[in-house]
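**Q** Sequence and predicted model, in that order:
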Amino acid sequence: MALPSSPDDFLNLDAEQQADALLESLGAAEENQRGRNLISSQIGAWFQNSTSLGLPRAPAAPNTKQSEAEEQLQEAYSSLEARVFIRPDSRQPNFCEITRAGKGHLEAAALPDGGRVNFARRALLAFDLHEALRRREVEVHFLQGKFETAILDGSVYLEAAIRAVGKLPARDVGVRLASKAFAPEGPLADPARLAGEQTGIQNLFTGYFGSVRNIVGHQAFRYQSNKMALQHLLLLDQLMEEVANASRRVNAPLP
């Protein structure tokens, strides 16, 4: 995704998307245009003087949108430097080179679901999913940009784990299973928690199966937001931790 033709479209991107768009434009630029000068060129292209269109000249006034666009372009450039996707060109210090990491990022972005892949790589740098989810290759699928597969497979395993640890019958599925397992008197309820907390955990599980699990189970479903996919993954991980804790508490192994 190179820099869009409209400043509004650029400003509507989040910070990471802005940096990705700038990196692609830097990668496509000629060597003598591969630097911060690209920012001034882009600002000039976005905010041409109205007289060039044959329109009457407007009184000079500060252009808030132009200032905002330039500031965010500068921040995107600094972000690329901080992530070592670009570095100063040793031959021309005012310009930059794309690093190996930056080229790898661009190559990944060019793949099907490349934007998802790069997002997932950044998102999962900060933490590790529960080991049981990793064994189910939930993390692998998410890193491949297969968000729906990751969440669905993880949810199927979560359901199986609740049933096995809680020793509940096969006829109990989804919301019904979670409600029975984590009810205040259910087999996986934590007696050390207050009654209100036990009900809260029960509602957390039933809410997950009623919304997230059911949504990703629809064949045509596709996440329109990378952020939402990550939120659902983190919630899945939290629920998996709860089941693992219950597994140790009742001395019943995870499947």
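**A** Okay, I see it.
**Q** rest of the way, CA atoms for contacts and neighbours
**A** OK.
**Q** Sketch out the low-pLDDT regions of the stretch 51-200 of the chain for me.
**A** 51-62 (pLDDT under 70).
**Q** Okay, helices next: where are they in it?
**A** Listed in chain order, the helices of the stretch 51-200 of the chain (DSSP state H, counting those that start in this stretch) span 64-82, 100-110, 114-123, 131-135, 138-143, 147-166, 174-182, 195-207.
**Q** Show me the domain layout of the protein.
**A** The chain breaks down by automatic domain parsing into domains covering 7-50+64-110, 128-250.
**Q** Select the longest helix from the protein.
**A** helix 226-250 (DSSP state H).
**Q** And the contacts of that one?
**A** By C-alpha atoms under 8 Å, 6 or more residues apart in numbering, the residues outside helix 226-250 that reach it are 116, 119, 123, 129-130, 133, 147-148, 151, 154-155, 158, 161-162, 165, 188-190, 205, 212, 223, 253-254.
**Q** Give me the angle between it and helix 147-166.
**A** Here helix 226-250 runs at 10 degrees with respect to helix 147-166, directions being taken by axes from the mean of the first three to the mean of the last three C-alpha atoms, to 10 degrees.
**Q** buried stuff in helix 226-250?
**A** Using 16 or more other C-alpha atoms under 10 Å as the test for burial, helix 226-250 gives 226, 229-230, 232-233, 235-237, 239-244, 246-247.
**Q** what's the answer for stretch 182-198, then?
**A** Buried, per 16+ other C-alpha under 10 Å, within stretch 182-198: 182-184, 186-190, 198.
**Q** Keeping just the C-alphas, turn it into PDB.
**A** Extracted in PDB, the C-alpha atoms of stretch 182-198 (Å, rounded to 0.1, in the frame of the first residue of the first chain):
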ATOM      1  CA  PHE A 182     -18.300 -22.100  35.000                       C
ATOM      2  CA  ALA A 183     -21.600 -21.600  36.900                       C
ATOM      3  CA  PRO A 184     -20.900 -20.900  40.600                       C
ATOM      4  CA  GLU A 185     -21.700 -24.500  41.400                       C
ATOM      5  CA  GLY A 186     -20.100 -25.800  38.100                       C
ATOM      6  CA  PRO A 187     -17.100 -28.200  37.900                       C
ATOM      7  CA  LEU A 188     -14.700 -25.500  36.800                       C
ATOM      8  CA  ALA A 189     -15.800 -22.700  39.000                       C
ATOM      9  CA  ASP A 190     -13.100 -21.400  41.300                       C
ATOM     10  CA  PRO A 191     -14.400 -21.600  44.900                       C
ATOM     11  CA  ALA A 192     -11.800 -19.100  46.000                       C
ATOM     12  CA  ARG A 193     -13.500 -16.300  44.000                       C
ATOM     13  CA  LEU A 194     -16.500 -14.300  45.200                       C
ATOM     14  CA  ALA A 195     -19.800 -15.300  43.800                       C
ATOM     15  CA  GLY A 196     -20.000 -12.200  41.700                       C
ATOM     16  CA  GLU A 197     -16.600 -13.000  40.200                       C
ATOM     17  CA  GLN A 198     -17.600 -16.500  39.500                       C
END
